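> Sequence and predicted structure below; questions after.
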Amino acid sequence: MYAYSERVSFATSLWWAVVTVTTVGYGDISPTTIVGKLSAVLLMLIGIGFISMLTSSITTYFTRDSDKVTQADNSDKLDQLLRENSAMRAEIKQLRQEVHATNKNGQ
C-alpha cells in the first residue's frame, strides 16, 4: 500500500532493504541509477563475504591454537596416569609377595 501511495518502485524498495540489511548506510553520496545501485549491491555483498571469510580465518587460527594446548595438556595427563598406573602395579606386586610370604610363614 505504501509503495503505491508514495510511488516507490520495487527496485527502490529492494535498494532500501539491501542497504539497511547490510548496515552500509546511505551516506552523503549514494547511487541514483539502476546500474549504480546494482554495482553498489554487488560490492556490498562482496564486502560481506570478504569480512565473513576474514573473521572465519581468524577464528580458525585461535581455535586450532586452543586445540593444540588442550592436546598437549591431555598428553601430559595421560603420561602422568601411566606413571601412576605403573607405580600402583609395582606396589600391588610387592603387596602380593608380602601376603604370600606371610601365608607361608603363618602355615
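Structure's in. What do you need? Numbers count the residues shown, from 1 in each chain.
> what about residue 61, how many neighbours?
By other C-beta atoms under 10 Å, the residues close to residue 61 number 10. Just so you know, the C-beta spots here come from the backbone N, C-alpha and C atoms, and that holds for glycine as well.
> what helix or strand does it sit in?
Taking DSSP states H and E as the definition, residue 61 sits inside helix 34-106.
> hang on, residue 11 packs against residue 37?
Yes - at 7.3 Å, residue 11 counts as touching residue 37 under the criterion of C-beta atoms under 8 Å.
> Looking at these two, which one has more neighbours?
residue 37 (18 against 11).
> Any figure for the gap between the more buried one and residue 23?
Distance, residue 37 to residue 23, by C-beta to C-beta, to the nearest Å: 17 Å.
> which outside residues touch stretch 58-76?
By C-beta atoms under 8 Å, 6 or more residues apart in numbering, no surrounding residue is in contact with stretch 58-76.
> number of nearby residues for residue 93?
10.
> And residue 66, by the same measure?
By other C-beta under 10 Å, 10 other residues sit near residue 66.
> again, but for residue 52
A total of 10 residues lie near residue 52 under the criterion other C-beta under 10 Å.
> and it, how far is that from residue 65?
Using C-beta to C-beta, residue 52 is found at 21 Å from residue 65.
> With residue 44 instead?
On the measure of C-beta to C-beta, residue 44 and residue 65 end up 32 Å apart.
> Can you pick out the residue with more neighbours from the two?
residue 44 (16 against 10).
> Not counting its neighbours along the chain, what's nearest the more buried one?
Distance criterion C-beta to C-beta, 6 or more residues apart in numbering; nearest residue to residue 44, sequence neighbours excluded, is residue 22 at 4.5 Å.
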